[in-house]
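[1] what shape does this take:
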Amino acid sequence: TLSSSSAASDVYKRQIVMRSRTVREGSVGLLILLGLAVLSGLYLWLRGLNPSQRSYQTTIRFSNVEGMQIGAPVRYRGVVTGKIAAIRVSANYAEVDVKITPATVIIPKDITIESKQSGLVGETFIDITPNSELPKSAIAQKPLADNCDESLIVCDRSQLQGSASITFTELLSSMIRFTDLFSSPEFFGNVQTLTKNFA
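    Residues are numbered from 1 along each chain as shown. From the prediction side, this is the model:
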């Protein structure tokens, strides 16, 4: 009887140890999963991804995208409303994919798109300026809708044309050409001849 009760007590102790080990291992696994979920959410937040804010994408063609980088801001009426998502180059032009966030931002089709540089050595961003007022009937349009009218507003997957403004490199090369022109002997000879004729 003593041996049977001792065996039953050993079995009971083993069951308790097994249960506590299972609870410990389950808790550790749950904490690891929770930590991975928090790290994933933090990564998405740092990347600027917000599931509650939908966006739409357009492609802008430029002859020159000097200084542009992925992640650079896109401004509409001076307000940052998106960012550059991708840059591709072809034989005749460069294509820049732009994400506009949120999707409720309505941009008219009649716009001027320029790549600008903030300061002399600042980052290059895309500036969108409307050329005319959008009619009230077009304000109800949705860029992500299937029946979006591309003749009125910029819709999802629209193709747009942009122009490059003067960059710091172009300004520097123009100044070098200007100084080369003034320092040439031919220019000084023409100035002397002109001065003598004027006198």
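[2] please make it C-alpha for all contacts and neighbour counts, starting now.
    OK.
[3] show me where the chain has helices.
    2-46, 136-139, 168-182, 185-198 (DSSP state H).
[4] can you flag the weakest of the ones you listed by average pLDDT?
    Note on the helices of the chain: helix 168-182 shows the lowest mean pLDDT, a mean of 67.
[5] and whichever strand in the chain runs longest, which strands flank it?
    The single longest strand within the chain, with elements called by DSSP state E, is strand 79-89. Partners of strand 79-89 in the sheet, by DSSP bridges, are strand 73-76 (antiparallel), strand 94-100 (antiparallel).
[6] give me the contacts around that strand.
    With contacts defined as C-alpha atoms under 8 Å, 6 or more residues apart in numbering, strand 79-89 is touched by 69-75, 94-102, 105.
[7] how about 10 Å then?
    Around strand 79-89, the neighbours that count as contacts under C-alpha atoms under 10 Å, 6 or more residues apart in numbering are 55-65, 68-76, 94-103, 105, 125-128.
[8] return it as PDB; C-alpha atoms alone will do.
    Extracted as PDB, the C-alpha positions of strand 79-89 are listed here (Å, rounded to 0.1, in the frame of the first residue of the first chain):
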ATOM      1  CA  VAL A  79       2.400  71.200 -48.600                       C
ATOM      2  CA  VAL A  80       4.100  67.800 -48.400                       C
ATOM      3  CA  THR A  81       1.500  65.400 -49.800                       C
ATOM      4  CA  GLY A  82       3.600  62.400 -50.900                       C
ATOM      5  CA  LYS A  83       7.000  61.000 -51.600                       C
ATOM      6  CA  ILE A  84       9.000  59.500 -54.400                       C
ATOM      7  CA  ALA A  85       8.600  55.700 -54.500                       C
ATOM      8  CA  ALA A  86      10.800  54.700 -57.400                       C
ATOM      9  CA  ILE A  87      13.000  56.100 -60.200                       C
ATOM     10  CA  ARG A  88      13.500  54.400 -63.500                       C
ATOM     11  CA  VAL A  89      15.500  55.500 -66.600                       C
END
